[in-house]
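# Give me a 3D structure for the following:
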Amino acid sequence: MGEFILKYWLQVLFSLLVGLIAGGYRIIHKEIKESMAERQALKLGMQALLRDRLIQAYNCYTNTGCLPIHVRDNLLNMYHQYHSLGANGVIDDLMDTLFALPYSGKEV
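So this is what the prediction gives:
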């Protein structure tokens, strides 16, 4: 009798344990998947904001013909962050044009 209980109850307990582990894995996997999707959305949103700001600066400062030094520093920082998010080549051409503008110490 003790052998029967030991044999079958251990199988039942082991089956329950495996089921609990599998259920926990599914829950954790779902949360990780949702977290990754949210992170990707934040990354793409930040990239879009940086791209928009860089394009606005391009439009503004190419019209004025010069680029203040403090703006150049800010744009360079944004440009590096944009690239770290996996940027495309369109902004590269805009930045080349912007950084070729003469320096200006005045605010525009």
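# how about the residue most central in space within the chain, what does it touch?
For the chain, the residue whose C-alpha lies nearest the mean C-alpha position (CA atoms, centre = their mean) is K43; its distance is 2.7 Å. Residues near K43 by CB atoms under 8 Å, 6 or more residues apart in numbering: L85, G86. Every C-beta, even on glycine, is put in place using the N, C-alpha and C of the backbone.
# Could you measure from it over to F14?
In this view, K43 and F14 are 43 Å apart by CB to CB, to the nearest Å.
# Repeat that for L98.
Taken as CB to CB, the span from L98 to F14 is 66 Å.
# same deal with I5?
Between I5 and F14 the distance is 14 Å, computed by CB to CB.
# Also Q56?
63 Å.
# What of A57?
A57 sits 64 Å away from F14, going by CB to CB.
# One more: F99?
66 Å.
# Also R53?
58 Å.
# Comparing those two, which shows the higher neighbour count?
Neighbour tally, R53 and F14, criterion other CB atoms under 10 Å: the higher count belongs to R53, 14 against 10.
# Please, which helix or strand holds that one?
Using DSSP states H and E, R53 falls within helix 2-64.
# where does that helix sit relative to the chain's centre, distance-wise?
Averaging C-alpha positions (CA atoms, centre = their mean, to the nearest Å) puts helix 2-64 14 Å from its chain's average.
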